[in-house]
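[1] coordinates only, sequence not included:
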């Protein structure tokens, strides 16, 4: 095993506890309560929606071991704005991301989750599997998926992947003519992405880039590279850092696995999921798809109080989100398992 593949194995173990391709994609059913003293928001952005969640599994012509899944509002009668979700390396069971997948469908939108293999094949193979799954979902479910309003969201490996995949969808397929966004979380290296592509995203593209203070896996320089070189104006993008804090003896950890719901020890939902991730996603969807101007102040508020303020419990307020349009690295590259200037990073020349 090479050093690089050992690191991949370690990342897989951190994310989901296994490097096995699991043909069963069954979400867990224990996500009704939050860990820690802070409860879910009951109103506004980040609060659960009122829709029941339906789920359909379907074949992916490019990968037959595991099936993609479409989550959507039950009893839907019209096509819904849709999020195309790319999971982290090894996170190929939808239950690992059940929190965010359910949240999107409860709010009245659809979301496509496409598994790709952990072992075997190349990075390009995995990108091709993701793309084939997204295309197949659109082909099979036109009564559910509205391709004129789309978002691409991904974590870790998937966070790096969605940038190039979204450009392909936006420019070749013209998805998102009435609204489109990118929401990468703690992104890994970005393949299939040239400088020309980064400089040619459609004018209506929004970007919310999110990283985590105590992420020691993926160098923040990968996120900074994409953020600084993409042709999206500062008014339509924000770079957000979630920082760790402690309230009433419970540690809210802003680590690499934050957007996952299960898989790393007892990692499950807590206030950071709802207030740090879902709240911004909720507002970003409303702003992008419904053109609601008040939603922009939460999703892309350029550091507004509505965007950065976190909840209070027993007179203790969680540390605010850090928002900037000029992100800078806070650690040396050797702080991270996957550092920006690694030879496997096709954009290593862009490390700062």
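    Yep, that arrived. Because the structure is predicted, anything quoted here is derived from the model rather than measured.

[2] Look up how far residue 270 lies from residue 251.
    Residue 251 is 10 Å from residue 270, where distance means C-beta to C-beta, to the nearest Å. For every residue, glycine as well, the C-beta is placed using N, CA and C.

[3] Please identify which of the two sits among more neighbours.
    The neighbour comparison of residue 251 against residue 270 (other C-beta atoms under 10 Å) goes to residue 270, with 22 against 10.

[4] Help me confirm that that one comes into contact with residue 255.
    No. Residue 270 is beyond contact range of residue 255, at 11.9 Å (criterion: C-beta atoms under 8 Å).

[5] next helix or strand past the helix or strand of the chain with the lowest mean pLDDT?
    Every helix and strand of the chain was ranked by mean pLDDT, DSSP states H and E. The lowest is helix 3-16, at a mean of 47. As assigned by DSSP states H and E, the chain's next helix or strand after helix 3-16 is strand 53-57.

[6] which residues sit against the helix or strand just after that following strand?
    Using DSSP H and E, the helix or strand that follows strand 53-57 towards the C-terminus is strand 69-73. Strand 69-73 is contacted by residues 25, 51-58, 80, 94, 101-102, 104-106, 108-113, 137, 141, 144-145 when judged by C-beta atoms under 8 Å, 6 or more residues apart in numbering.

[7] go with 6 Å
    Applying C-beta atoms under 6 Å, 6 or more residues apart in numbering, the external contacts of strand 69-73 come out as 51, 53-57, 94, 101, 105, 108, 110-113, 137, 141, 144.

[8] list the buried ones in stretch 323-334?
    323, 327, 329 (16 or more other C-beta atoms under 10 Å).

[9] which of these lies closest to residue 187?
    Ranked by distance to residue 187 (C-beta to C-beta), these are led by residue 327 at 12.6 Å.

[10] ok now do that closest one, which residues does it touch?
    224, 227, 239.

[11] how much space between it and residue 140?
    Taking C-beta to C-beta, one finds residue 327 at 39 Å from residue 140.

[12] repeat for residue 54
    14 Å.

[13] all strands of the stretch 201-350 of the chain, in order?
    Assigned by DSSP state E, counting those that start in this stretch, the strands in the stretch 201-350 of the chain fall at 205-212, 237-242, 245-247, 250-252, 312-313, 316-317, 322-324.

[14] Would you mind putting those strands into CSV with distance to residue 300 alongside?
    Below are the strands of the stretch 201-350 of the chain laid out as CSV (distance: least, C-beta to C-beta, whole Å):
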stretch, distance to residue 300
strand 205-212, 7
strand 237-242, 5
strand 245-247, 23
strand 250-252, 23
strand 312-313, 24
strand 316-317, 23
strand 322-324, 9
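
[15] quick one: which of those is nearest residue 44?
    Comparing these by C-beta to C-beta, strand 312-313 comes nearest, at 14.8 Å.

[16] Contacts for that closest one next, please.
    37-38, 247.

[17] now, among these, which is nearest to residue 208?
    Set against residue 208, the nearest of the contacts of strand 312-313 by C-beta to C-beta is residue 38 (22.3 Å).

[18] my read: the closest one touches residue 273, true?
    No. Residue 38 is beyond contact range of residue 273, at 10.8 Å (criterion: C-beta atoms under 6 Å).

[19] Report pLDDT for residue 102.
    Listed pLDDT for residue 102 reads 97.

[20] Now for it, how many residues are close by?
    For residue 102, using other C-beta under 10 Å, the count is 21.

[21] can you check residue 177 too?
    With neighbours defined by other C-beta under 10 Å, the count for residue 177 comes to 13.

[22] can you pull the contacts of it?
    Residue 177 neighbours (C-beta under 6 Å, 6+ apart): residue 148.

[23] A helix includes it, no?
    No. Counting by DSSP: H, G, I helix; E, B strand; the rest coil, residue 177 is located in no helix; its state is coil.

[24] coming back round to it: turn the strands of the stretch 201-350 of the chain into a markdown table, including mean pLDDT.
    Conversion of those to a markdown table gives the following (pLDDT from 0 to 100):
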| stretch | mean pLDDT |
| --- | --- |
| strand 205-212 | 98 |
| strand 237-242 | 98 |
| strand 245-247 | 96 |
| strand 250-252 | 94 |
| strand 312-313 | 95 |
| strand 316-317 | 94 |
| strand 322-324 | 98 |
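
[25] Which of those strands sits closest to residue 294?
    Smallest distance to residue 294 across the strands of the stretch 201-350 of the chain (C-beta to C-beta): 15.1 Å, for strand 205-212.
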